[in-house]
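A.B. asks: Let me see the structure of the following:
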Amino acid sequence: MQSDALIRAAVEADAHAIGRVHVRAWQGAYRGVMPDDYLDGLDAEERGAMWRGRIARTDLPPLLVAVVADAVATEVVGFAVFGDEQPTESPACGQLYAINLDPTHWGKGIGRSLLRAATAALVAEGYGEAVLWVVPQNARARALYESEGWSADGGVRTEALLGVTVTDIRYRKPLTPPLHAPIEV
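C.D. replies: Reported below is the predicted structural model:
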């Protein structure tokens, strides 16, 4: 499915909408994985302030947003964050830290567009491969990653993530420059 979303670098004015998307995406994707009281207590304003600080960082790759427009308004409905693998095991490895999409926009190809844009940005940053971490129960995200050539590599971690302990599995993808890239001689 082709998405009608525009993917672009986030600007500070997007921070509140990114915070809202973050909360709605987590509440939709992690119900039954994380405690309900934790998910119900997520605050879009707090998340927006967190993302405002990240957007302001010019020393990091841009945060990408997915924007949809209708006759009435333009709305940020998703975002993706990427950069160096954390912790760094190889300087040639990048990482997709987060990709979140408002649940009302699931199944419309926007998540795929965001994933492809983030992957292309990792290639443009010069990474030869990339990793991401996902909770095993997030079947929707895992199916998307696998359909785009990512595969579980056996890595498992348990971490405290924004106040909740979760177990994640690692996915990995070799990155290749686009075929139309100029060949240096």
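
A.B. asks: From now on I want contacts and neighbour counts done on CA atoms only, so please keep to that.
C.D. replies: Will do.

A.B. asks: Can you tell me how far the residue nearest to residue 167 when sequence neighbours are not counted is from residue 86?
C.D. replies: Using C-alpha to C-alpha, 6 or more residues apart in numbering and skipping residues adjacent in sequence, the residue nearest residue 167 is residue 158, 4.2 Å away. With distances taken as C-alpha to C-alpha, to the nearest Å, residue 158 is found 14 Å from residue 86.

A.B. asks: which one of these two has more residues nearby?
C.D. replies: Applying other C-alpha atoms under 10 Å to residue 158 and residue 86 shows that residue 86 carries more neighbours, namely 14 against 11.

A.B. asks: Alpha carbons of the host helix or strand of residue 144, in PDB - could you do that?
C.D. replies: Using DSSP states H and E, residue 144 falls within helix 139-147. Extracted in PDB, the C-alpha atoms of helix 139-147 (Å, rounded to 0.1, in the frame of the first residue of the first chain):
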ATOM      1  CA  ALA A 139       3.700  -8.800  16.100                       C
ATOM      2  CA  ARG A 140       2.500  -5.900  13.900                       C
ATOM      3  CA  ALA A 141       5.900  -4.100  14.100                       C
ATOM      4  CA  ARG A 142       7.800  -7.400  13.700                       C
ATOM      5  CA  ALA A 143       5.800  -8.300  10.600                       C
ATOM      6  CA  LEU A 144       6.600  -4.800   9.100                       C
ATOM      7  CA  TYR A 145      10.300  -5.100   9.900                       C
ATOM      8  CA  GLU A 146      10.500  -8.600   8.500                       C
ATOM      9  CA  SER A 147       8.700  -7.600   5.300                       C
END
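
A.B. asks: for the very next helix or strand once past that helix, packing partners?
C.D. replies: Per DSSP H and E, the first helix or strand lying C-terminal to helix 139-147 is strand 151-161. Contacts defined by 3 or more C-alpha pairs under 8 Å, 6 or more residues apart in numbering; DSSP states H and E place strand 151-161 against strand 164-174.

A.B. asks: In the strand it packs on, which residues are buried?
C.D. replies: Residues 166-173 are the ones in strand 164-174 that count as buried (16 or more other C-alpha atoms under 10 Å).

A.B. asks: Then stretch 22-40?
C.D. replies: Buried residues in stretch 22-40, counting neighbours by 16+ other C-alpha under 10 Å, are found at 22-27, 29, 33, 39.

A.B. asks: low pLDDT regions in this protein?
C.D. replies: 1-2, 161-162, 178-185 (pLDDT under 70).

A.B. asks: so where do the helices sit in it?
C.D. replies: Remark: helices assigned in the chain by DSSP state H are 15-29, 36-40, 44-55, 110-124, 139-147.

A.B. asks: for those, which one sits closest to residue 9?
C.D. replies: helix 44-55 (9.0 Å; C-alpha to C-alpha).
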